[in-house]
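Colleague: pasted the sequence and its predicted model underneath.
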Amino acid sequence: MPGTTQNTAVAADWNLDPADAGACERIARTLCTGGHDQVDSPEWLAQGRDAWDELPLPLRRAVRRFRRHSGPHGTLVIGGLPVDQASLPVTPAVPGSVQRQATVPAALLTMLACGLGEPLAYQAEKSGALVQDVVPVPGQETFHGNAGSAPLSFHTENGFHPHPPDYVVFLCLRADHDGTAGMRVAGIRQALPLLSPAGRQVLFAPEFITTPPPSFGPHAAGGVEAEPRPVLSGAVEDPDIRMAQLVTTPLTPRAAAALAEFGRACEATARTLRLTPGDLVVIDNRVTVHGRTAFHPRYDGADRWLQRTYVTTDLRRSRDHRPDDGHVLAR
């Protein structure tokens, strides 16, 4: 029955065996010792792109299959990746925290991003870093973004932008103390059958405005008025989503009703992922929304710590937004 999976903790789709995990760690370490150890540098990305081909075949095969079709849930969860726990520093606890220096987790994220497409970042968010920390920050508990610890509502990443990421990849370095923090995911392929024909029709109409999320700061839109867009687009039987419950505004009464209906369908089909160190989650940002449950940080240096990177399958399409053909969208 629809809704039976709501708030259910979901295990990894599969786990790397110890031998493959060891191979991943050895390859990741080569990216940390080759002389180019700045995560955002072209040299680092070139090395990560080449190193992807050296990763164990089962991992590459799973990513390749997901890239072709992201399945009924639009997520891929892989457990058992090495995160070099013995060498982890304290969990960052400052706003805007990112990973600029080469580490095993950053290398894994970069290689996986290159296997899916190309890494991508936005200058207005997290200073354009390609590998970003998702950590609780003191005083920002209720912040509706990656620095908060209150519930985070469903959204696709950066749906306001002409070039949102195709995938969002998270790697868990540390779980929260109580094991209660959950990443909530809901895919259109599960939610669509719950929508009424009238609701579907309205969601395909350009009757919604989506603005930048709080993580982009108050001036991210650059004074440009957002254009009305649909929430759903593409094939009617398998559409794409652009929506963030916090910052998507319906422009008509029927749009408000349809957006509320869509929210209920997402709630009814949502799954909760409670990540442990070494768990990697790939979210197909085109067909899946995600959010977060509440949790209680202690700010003792051992709080929940995820790292995140964005991926595009076609870097060329955003060329006019990327100075010097780099990987950061400047506008």
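Modeller: Good, I have the coordinates.

Colleague: just for the stretch 1-150 of the chain, where's the confidence low?
Modeller: Segments of the stretch 1-150 of the chain classed as low confidence (criterion: pLDDT under 70) are 1-11, 34, 36.

Colleague: for the closest residue to residue 330 other than its chain neighbours, give me phi and psi.
Modeller: The shortest distance from residue 330 to any non-neighbouring residue, by C-beta to C-beta, 6 or more residues apart in numbering, is to residue 123 (4.8 Å). Backbone N, C-alpha and C define where each C-beta goes, glycine included. Backbone geometry at residue 123, expressed as degrees, to the nearest 10, gives phi -60, psi -30.

Colleague: stretch 169-179: end-to-end distance?
Modeller: With C-alpha to C-alpha, to the nearest Å as the measure, stretch 169-179 spans 21 Å from end to end.

Colleague: what about it, distance to the chain center?
Modeller: Relative to the mean C-alpha coordinate of its chain, stretch 169-179 is positioned 14 Å out (C-alpha atoms, centre = their mean, to the nearest Å).

Colleague: what's in contact with that stretch?
Modeller: The contact list for stretch 169-179, computed with C-beta atoms under 8 Å, 6 or more residues apart in numbering, reads 81, 83, 85, 88, 91, 105, 108-109, 112-113, 116, 134, 181, 183, 274-283, 295-298, 302-311.

Colleague: ok, 7 Å please
Modeller: 81, 83, 88, 91, 105, 108-109, 112-113, 274-282, 295-296, 298, 302-309, 311 (C-beta atoms under 7 Å, 6 or more residues apart in numbering).

Colleague: then stretch 244-260?
Modeller: Stretch 244-260 is contacted from outside by 144, 153-156, 159, 199, 202-203, 207-211, 213, 228, 231, 263, using C-beta under 7 Å, 6+ apart.

Colleague: among the residues you listed, name the buried ones.
Modeller: Neighbour counting with 16 or more other C-beta atoms under 10 Å marks 144, 153-156, 159, 199, 202-203, 207-211, 213, 231, 263 as buried within the contacts of stretch 244-260.

Colleague: if you count neighbours, what's buried in stretch 204-223?
Modeller: By 16+ other C-beta under 10 Å, the buried positions in stretch 204-223 come out as 204-205, 207-216, 220.

Colleague: over to stretch 133-153?
Modeller: Along stretch 133-153, these residues count as buried under the neighbour rule (16+ other C-beta under 10 Å): 133-137, 140, 143-149, 152-153.

Colleague: what's the farthest-apart pair in the residues you listed?
Modeller: 133 and 153 (21.0 Å; C-beta to C-beta).

Colleague: re the thing from before, so which of the buried residues of stretch 204-223 belong to strands?
Modeller: 208, 209, 210 (DSSP state E).

Colleague: out of these, the closest to residue 237 would be?
Modeller: residue 208 (20.9 Å).

Colleague: wouldn't the closest one be in contact with residue 232 here?
Modeller: No. Using C-beta atoms under 7 Å, residue 208 makes no contact with residue 232, being 9.9 Å away.

Colleague: mind naming the longest helix for this structure?
Modeller: helix 253-269 (DSSP state H).

Colleague: any idea which helix or strand comes after that one?
Modeller: Using DSSP states H and E, the helix or strand that follows helix 253-269 in sequence is strand 271-273.

Colleague: what sits against the spatially most central residue of the chain?
Modeller: Centroid-nearest residue in the chain: residue 168, 2.9 Å away (criterion: C-alpha atoms, centre = their mean). Residue 168 makes contacts with 157, 283, 285, 308, 310, as judged by C-beta under 7 Å, 6+ apart.

Colleague: which one of those residues is nearest residue 40?
Modeller: Nearest to residue 40 among these, with distances taken as C-beta to C-beta, is residue 310, at 13.0 Å.

Colleague: ok so the closest one is a strand residue?
Modeller: Yes. Under DSSP: H, G, I helix; E, B strand; the rest coil, residue 310 falls within a strand.

Colleague: mind listing the strands the helix or strand containing residue 291 pairs with, and their directions?
Modeller: Assigned by DSSP H and E, residue 291 belongs to strand 288-292. With DSSP bridges as the test, strand 288-292 is paired with strand 152-155 (antiparallel), strand 183-187 (antiparallel).
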